[in-house]
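A.B. asks: The following block contains a protein sequence and its predicted model.
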Amino acid sequence: MNAEQFVQEWASAYNDQDFDRFGALFTDDVVYTLKAFGLAFTGRDAWVHHVREYAAAVPDRKLTLRRTVADGDTIAIEYDFAGTSAGVMANLPPKGEPVTVSFCTILQLRGERAASQIDYLGG
């Protein structure tokens, strides 16, 4: 699978809330980091558990891809995230309010799977 195919599958599985398909894109020992919120997870189960929790917090969330840049086993993805808060997470707006943010994600692949994902937040 080339970088563009990987990113399309990554975004599609996320948007479809297909957690098994999404998790299958990552190694068992994947490392996830979002320093802006002090989040760090090691292992596919912990990472997918967080994605499930966030899906409950923003149930209609969607990623809109903007740009993908690949260099060897590293993929950078620029995208927008938008949805509506369910009001269940303290760091999100109250129930019914929009949640919008721009991201840059860096994926490090090991073979056909991502061994790490680092997220950076924009405005």
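C.D. replies: Happy to help now that I have it.

A.B. asks: wait, is Gln108 part of a strand?
C.D. replies: Yes: under DSSP: H, G, I helix; E, B strand; the rest coil, Gln108 sits within a strand.

A.B. asks: How much space separates the nearest residue to it once chain neighbours are set aside from Val58?
C.D. replies: Leaving aside its chain neighbours, Gln108 sits nearest to Ser116 (4.4 Å; criterion: Cβ to Cβ, 6 or more residues apart in numbering). Using the backbone N, CA and C atoms, a C-beta is placed for each residue, glycine as well. Remark: distance between Ser116 and Val58 (Cβ to Cβ, to the nearest Å) = 23 Å.

A.B. asks: List the buried residues of stretch 47-65.
C.D. replies: 47-48, 51, 54-55, 57-58, 61, 63, 65 (16 or more other Cβ atoms under 10 Å).

A.B. asks: Also stretch 18-32?
C.D. replies: 22-23, 25-27, 30-32.

A.B. asks: so for the helix or strand hosting Tyr54, what's the average pLDDT?
C.D. replies: Per DSSP states H and E, Tyr54 falls inside helix 44-57. Mean pLDDT, helix 44-57: 94.

A.B. asks: before we move on, back to that, pLDDT score assigned to the residue nearest to Gln108?
C.D. replies: Reported pLDDT for Ser116: 98.

A.B. asks: helix/strand/coil for it?
C.D. replies: With three-state DSSP as the criterion, Ser116 reads strand.

A.B. asks: going forward, begin numbering at 50 instead of 1
C.D. replies: Let's use 50 as the start, then, which means that last one is Ser165.

A.B. asks: ok, so what distance separates it from Ile124?
C.D. replies: 11 Å.
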